[in-house]
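Student: sequence? don't have it. structure:
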């Protein structure tokens, strides 16, 4: 028991720290805020402020300590027994990925989304591709075709939404590759599945961590809807800390350190965050859950050594983890801020700068009626707003056009999460939220937010049960 006391104490401390800060980090900001790439990103010089450097140094020290934790855990017979028990069941990993992605694609197909909640399917045929992949995944005899289909859907997202946005979901590529190579007889090829999945999931987490640093207003909007997440700390400090936890977790997956314990911790945190953020969180994070189960069953993989295993010396492993965390974090940070600036310039060139908000007309738009109607792919919500006419946004190519201040589109949210967008009076609900109170934000056709007395006009909408 004395031999286990050290690993258990260190492991408990790790769980507390990660669980405390990762719940808001686990929330994908774009699912819960009305983001716009025309929001100016912070340049790298502003991101790297004093707080950033302190957090970078503290996290690097933690990275240097974690190989010691890993070594102590490896010395535990109980830990080795658990690892052996999990490894004996790694043949189930393909089924976990298959059924998880089948469930996600079925929901996104029904919601007219592409892979994830905030990406609308660009065309009807894309939805039917998702549905066909559901059938292939459930059949399970052609996993390589289903895996290639996942990669294809991600590439469709790149064409429609750009590589910068789709790098949030690079783990979809990892899952697709995992399914493809697991169908190959060659042991060397099959062994690539876990390293590729670790790299893509780890990169996605690091990428999303820097999103919170470069676009802090998006994350602060989420914390504003759920202030309890801040644990009483200042919102900006807490957001930076959560970002570094996400970056650190991604780095640990990239180098293959503490894969199984972290899979347990992060899965548990994602489950806790679901209690706060609801069903959208389940849909969006299910692919990551599937990847974490793969790591739990396979560990770092056996065909190819994890990067952390390059050095046998514990001292060199600690130095490797600490130094390479700093290097990779700075490289990803530079890449993210540069890509964000290109995305901003492209968005402004295509859509024009963000228009200033306008004051509501008199009388103020107000809700007249709300109905939920069964549509062909699920429930549709129908709104009648007195003093407001729903209309789609203007064609971005017509950048000189403006619209009246009583005509435009709407965004319906619950607890900060977007559940429907209105270009007409009727729109599909993205999730089942019977009997709850939603908030409707209104925008003119040229994108100007409607305000009332200098604050965003938000109309309460009671959704019927």
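Tutor: It's in. On a predicted model such as this, the values are computed, not experimentally measured, just so you know.

Student: please count neighbours and contacts with C-alpha atoms only from this point.
Tutor: Will do.

Student: may I see the buried residues of stretch 56-70?
Tutor: Within stretch 56-70, the residues that qualify as buried by neighbour count (16 or more other CA atoms under 10 Å) are 56, 59-70.

Student: so for the longest helix along the chain, what's the average pLDDT?
Tutor: Taking residue count as the measure and DSSP state H as the definition, the longest helix of the chain comes out as helix 314-351. Model confidence over helix 314-351 averages 93 on the pLDDT scale.

Student: helix or strand right after it?
Tutor: Where DSSP states H and E defines the elements, the next helix or strand beyond helix 314-351 is strand 358-359.

Student: give me the residues contacting that next one.
Tutor: Outside of strand 358-359, the residues within contact range by CA atoms under 8 Å, 6 or more residues apart in numbering are 405, 448-454.

Student: repeat that for 6 Å
Tutor: 450-452 (CA atoms under 6 Å, 6 or more residues apart in numbering).

Student: next: stretch 283-296.
Tutor: Here stretch 283-296 has contacts from 93, 97, 116, 260, 263, using CA under 6 Å, 6+ apart.

Student: what helix or strand is the first one located in?
Tutor: Looking back up the chat, that one is residue 93. helix 93-110.

Student: partner strands of the first helix or strand past that helix going along the chain, with direction?
Tutor: Toward the C-terminus, helix 93-110 is succeeded by strand 113-114 as the next helix or strand (DSSP H and E). Neighbouring strands of strand 113-114 in its sheet, by DSSP bridges, are strand 116-120 (antiparallel).

Student: for the contacts of stretch 283-296, pick the one with the most neighbours.
Tutor: Within these, most neighbours by other CA atoms under 10 Å means residue 97, with 25 neighbours.

Student: ok, now which ones touch it?
Tutor: Taking CA under 6 Å, 6+ apart as the definition, contacts of residue 97 comprise residue 290.

Student: sec struct for residue 56, please.
Tutor: Assigned by DSSP: H, G, I helix; E, B strand; the rest coil, the conformation of residue 56 is helix.

Student: contact partners for it?
Tutor: Residues near residue 56 by CA under 6 Å, 6+ apart: none.

Student: repeat the analysis, applying 10 Å as the threshold.
Tutor: Contacts were defined as CA atoms under 10 Å, 6 or more residues apart in numbering; by that measure residue 56 touches 48, 50, 62, 241, 244, 248, 325-326, 329-330.

Student: from residue 339, how far off is it?
Tutor: 21 Å (CA to CA, to the nearest Å).

Student: now swap in residue 437 and tell me
Tutor: With distances taken as CA to CA, residue 437 is found 38 Å from residue 339.

Student: could you do residue 308 as well?
Tutor: Here the distance between residue 308 and residue 339 works out to 29 Å (CA to CA).

Student: so for residue 307, what's the pLDDT?
Tutor: In this model, residue 307 carries a pLDDT of 93.
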